[in-house]
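Novice: need coordinates for the following:
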Amino acid sequence: MNLKKELKREVKVFIIASFFSTCFFFLTITALYRQYKIPVFAQMTEFSPIPIETSPVLSITPSETPTPPTFTTVPSSAPDSPTPQSLKYPSQILNLTNWKLTLPTGKSKKPVEIKQPELAKFIIDPWFVIDPSGGGVRFRAPVNGVTTSGSGDPRSELREMTDNGKNNASWSSMSGTHTMFLDEAITAVPLKKKHVVAGQIHDGDDDVIVIRLEYPNLYVNVDGDNEYTLDSNYTLGKRFAVKFEVKDGKTNVFYNNSYEPVYVLDKSYSGAYFKAGAYTQSNCSKEDSSSCNFDNYGEVVIYQLSISH
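Specialist: Now for the predicted structure:
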């Protein structure tokens, strides 16, 4: 009996204590809310960098997906390449910085020579002009033209120079590597002796190796002898490419971009330089008297010309 009364008393005490604890809890929460609700909410809205409800990541739809940025190409400051109609001087087609020009004009055995800087803006019709196609430079030498003191044949031909055209080039086959690339066409030959030289290497005394047309045969010629046939049936106006490469005492000749040289000259020489243009291998003594005039000539058009050392 006493145990039952004691149990009832403890239950009553627990209920009363729980009631007061609950009341104390709610009073505490109410007090805290009244004291901190407004400051805390304000702090959240003032300092939250990206509120969830306005996050751009969540608001993007597929149709609104940003596109990648576009880039504007800055145009080159270099001037536009000249058109054939705007070309005036051969130097606009070929880099003539380190060349001089020998013409088939002037006094006997004293042909006119044009050097830099005059050559940069020089043109003389019909001996040294831009080809009508606009893509090359035309060199013409008539059989009755003025010749140098060391030759009986006329020429309209470039001679390699150095120091921006001030001094004669002179190099050795035994030292360094020396190259000349020619992209050209032989467009006319004399009426009777149909021979024209279209490019050569000269040393301190004489020509070493030349590209020579004895129409219709195109040769590599050495010391006056035709050593190798490049084309046994050359057609006037047919464009071709030749590269001379000189190193270690050997002169390599490449034809029409051949991988290997088509001819190799094993010879040491010095005082050397490149020449390019029309060196007509005839004159009035080799032609009929009726054709000893300016209308009988050799002619070469050079489209590309470059040298390196």
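
Novice: surely residue 135 touches residue 239?
Specialist: No: Residue 135 is not in contact with residue 239 according to Cβ atoms under 8 Å; the separation is 9.8 Å. Every residue, glycine included, has its C-beta placed from N, CA and C.

Novice: helices along the protein, start to end?
Specialist: 2-47, 56-59 (DSSP state H).

Novice: out of those, name the one with the poorest average pLDDT.
Specialist: Across the helices of the chain, helix 56-59 has the smallest mean pLDDT, namely a mean of 34.

Novice: surely residue 277 touches residue 160?
Specialist: No: in this structure, residue 277 sits apart from residue 160 without contact. The criterion is Cβ under 8 Å, and the distance is 11.5 Å.

Novice: mind checking which of the two has more residues around it?
Specialist: With neighbours defined as other Cβ atoms under 10 Å, residue 277 and residue 160 compare such that residue 277 has more, 32 against 23.

Novice: any idea how far that one is from residue 173?
Specialist: Counting by Cβ to Cβ, to the nearest Å, the gap between residue 277 and residue 173 amounts to 22 Å.

Novice: try residue 250
Specialist: Distance, residue 250 to residue 173, using Cβ to Cβ: 8 Å.

Novice: quick check: neighbours shared by those two?
Specialist: Residues touching both residue 250 and residue 173 comprise residue 267, with contact defined as Cβ atoms under 8 Å, 6 or more residues apart in numbering.

Novice: more neighbours, those two?
Specialist: Per other Cβ under 10 Å, whichever of residue 250 and residue 173 has more neighbours is residue 173, with 22 against 15.

Novice: and that one, what does it touch?
Specialist: With Cβ under 8 Å, 6+ apart, residue 173 has these contacts: 246-247, 249-251, 267-270, 272.

Novice: what separates it from residue 270, distance-wise?
Specialist: According to Cβ to Cβ, residue 173 and residue 270 sit 7 Å apart.

Novice: please apply the same query to residue 216.
Specialist: The spacing between residue 216 and residue 270, counted by Cβ to Cβ, is 35 Å.

Novice: for residue 171, same thing?
Specialist: Residue 171 sits at a distance of 8 Å from residue 270 (criterion: Cβ to Cβ).

Novice: please apply the same query to residue 301.
Specialist: With distances taken as Cβ to Cβ, residue 301 is found 32 Å from residue 270.

Novice: go on, residue 185?
Specialist: Taken as Cβ to Cβ, the span from residue 185 to residue 270 is 32 Å.

Novice: tell me the mean pLDDT over stretch 260-274?
Specialist: In this model, stretch 260-274 has an average pLDDT of 98.

Novice: so what's the gap between it and the chain middle?
Specialist: Using Cα atoms, centre = their mean, to the nearest Å, the distance from the centre of stretch 260-274 to the centre of the chain it belongs to is 27 Å.

Novice: what of stretch 210-217?
Specialist: The chain centroid and the centroid of stretch 210-217 are separated by 31 Å, computed with Cα atoms, centre = their mean.

Novice: look up how far residue 300 lies from residue 215.
Specialist: Distance check for residue 215 against residue 300: by Cβ to Cβ, it reads 13 Å.

Novice: meant to ask about residue 156
Specialist: When residue 156 is compared with residue 300 (using Cβ to Cβ), they lie 8 Å apart.

Novice: circling back: anything in contact with each of residue 135 and residue 239?
Specialist: Listed contacts common to residue 135 and residue 239 are residue 303; contacts here mean Cβ under 8 Å, 6+ apart.

Novice: quick one: the strands in the stretch 151-300 of the chain?
Specialist: 155-162, 167-168, 177-188, 195-202, 207-214, 217-222, 225-231, 239-247, 250-255, 263-266, 273-280, 297-308 (DSSP state E, counting those that start in this stretch).
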